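Undergrad: model this:
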Amino acid sequence: MYTARIIVIAALATAFTTVNQTVRAEESLIPRDMVYIGQGLSIMGFDKEEPTELAHAPATYHKRNRTPAATLNDESPSHTVFLDSYLIDTYEVSNKDYKEFMRTTKHGAPAYWDDPRLNSPTQPVVGVSWFDAHAYCESRSKRLPTEAEWEKAARGPDGNLYPWGDAFDPAKANYGKTHDATRPVDSYPDGVSYYGLYNMAGNAFEWVLDWYDPRYYSQLEPMVNPTGPAKPVWIGGTGTYVDLLTVGEKRVIRGGSWIAPEGTARATHRFWNHPLNNSYGVGLGFRCAKTAPPEIDQRIKDAAILTYVDMGRERFAEAQQTLAPALALDPKNRELLDLRQLIEQSMKRP
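TA: Got it, this is the predicted structure:
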């Protein structure tokens, strides 16, 4: 009896160790401080009433105001896109990481690098141009996320209006000068997105890959992996800020900042900036992304198929072990989570 018990314990320990080793091996496919977001459909945009009173305002109104009327309804129409799997940084790029980039590449310092409010190692780097952000990501064998990738990472599979849900919660974001500067990149854990990304609302605006066109959504044709307009459009009518950096061709920035108002924290909010401008709102940073290697998708599919096979044979303990590597790679996958729940329910049956 004693010997049999030892054998059972040893077998369970071996199985547990095997699962843990497999899980660690799967996790190593995903770089540290990045999350995997699986392929699938995603909602972009937000339908709202057109601001007709501004759209039909006289030309003198637009000359006095920074925001052209055409850009006030640039989040519509709401539409569905299909995105391939990708990886995206969990956090905004920090001053610590950017300092290392400057040291190894001799890249110049961003604006506000010497500002004591903004230069703590754990704060997001701000005062970077689109070209600075692009160069940093490239040095890490990454790239800037597309606007569609950024929005999916912020909204999750349910298309939330904010990273945490559909209702704004002022306790979950750094916006509107509630603090006198940016907060550390791992701040506001209660405000993370479904996929676990921090500060997708507030703290620092984030550059994305796309050119900006306020009418792009209404002209959208490719519904698979959109990368923005092929060519930029000229944005004008900025009144007192008419110069090279406030009119002309723009790149998209997303997410709001510590100094920007509540409306910019909405995950659908779009704004723009000249790619050379590194000083917008004392809060302009970024995070990086990269296309997921096909090996990840294949391993998830293989594990799911083998799990169904084990379940069909009513080998539920084995099914748990088979599913574990897939969940290690994609812990937010709804299909995998449902499958795990089904296994657990099956194991409880008499």
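Undergrad: quick check, central residue of this protein?
TA: Centroid-nearest residue in the chain, with Cα atoms, centre = their mean: A153, separated by 3.6 Å.
Undergrad: state the distance from that residue to P229.
TA: Distance, A153 to P229, using Cβ to Cβ, to the nearest Å: 21 Å. In this view, the C-beta of every residue, glycine as well, is placed from N, C-alpha and C.
Undergrad: who touches the helix or strand where the residue nearest to the centre of the chain lies?
TA: A153 belongs to helix 147-155 when assigned by DSSP states H and E. With contacts defined as Cβ atoms under 8 Å, 6 or more residues apart in numbering, helix 147-155 is touched by 35, 37, 42-44, 81, 83, 86, 88, 145, 161, 163, 193-195, 197, 200-201, 206, 208-210, 225-228, 252, 254-255, 267-268, 270, 289.
Undergrad: try stretch 192-200
TA: 35, 37, 88-92, 124, 153-158, 160, 163-164, 173-174, 183, 185-189, 191, 255, 267, 287, 332.
Undergrad: what residues of that stretch count as buried?
TA: Neighbour counts over stretch 192-200 (16 or more other Cβ atoms under 10 Å) mark V192, S193, Y194, Y195, L197, Y198, N199, M200 as buried.
Undergrad: tell me how far the ends of that stretch are from each other?
TA: From its first residue to its last, stretch 192-200 covers 7 Å (Cα to Cα, to the nearest Å).
Undergrad: residue contacts, A304?
TA: Neighbours of A304 in contact, by Cβ under 8 Å, 6+ apart: L323, A326, E335, L336, L339.
Undergrad: what ranges do the helices span in the stretch 151-300 of the chain?
TA: 294-312 (DSSP state H, counting those that start in this stretch).
Undergrad: now S346. Nearest residue, chain neighbours left out?
TA: F316 (5.1 Å; Cβ to Cβ, 6 or more residues apart in numbering).
Undergrad: C-alpha coordinates for the helix holding A153, PDB please?
TA: In PDB, the C-alpha atoms belonging to helix 147-155 read as follows (Å, rounded to 0.1, in the frame of the first residue of the first chain):
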ATOM      1  CA  GLU A 147      -3.800  52.100 -35.200                       C
ATOM      2  CA  ALA A 148      -6.000  49.000 -35.500                       C
ATOM      3  CA  GLU A 149      -3.600  46.900 -33.300                       C
ATOM      4  CA  TRP A 150      -3.400  49.700 -30.700                       C
ATOM      5  CA  GLU A 151      -7.200  49.900 -30.500                       C
ATOM      6  CA  LYS A 152      -7.700  46.200 -30.200                       C
ATOM      7  CA  ALA A 153      -5.200  46.000 -27.400                       C
ATOM      8  CA  ALA A 154      -7.000  48.800 -25.600                       C
ATOM      9  CA  ARG A 155     -10.600  47.700 -26.100                       C
END
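Undergrad: by mean pLDDT, point me to the weakest helix or strand of this structure.
TA: Among the helices and strands of the chain, helix 59-64 carries the lowest confidence by mean pLDDT, DSSP states H and E, at a mean of 35.
Undergrad: which is the next helix or strand following that one?
TA: Sequence order places strand 79-83 as the next helix or strand after helix 59-64, per DSSP H and E.
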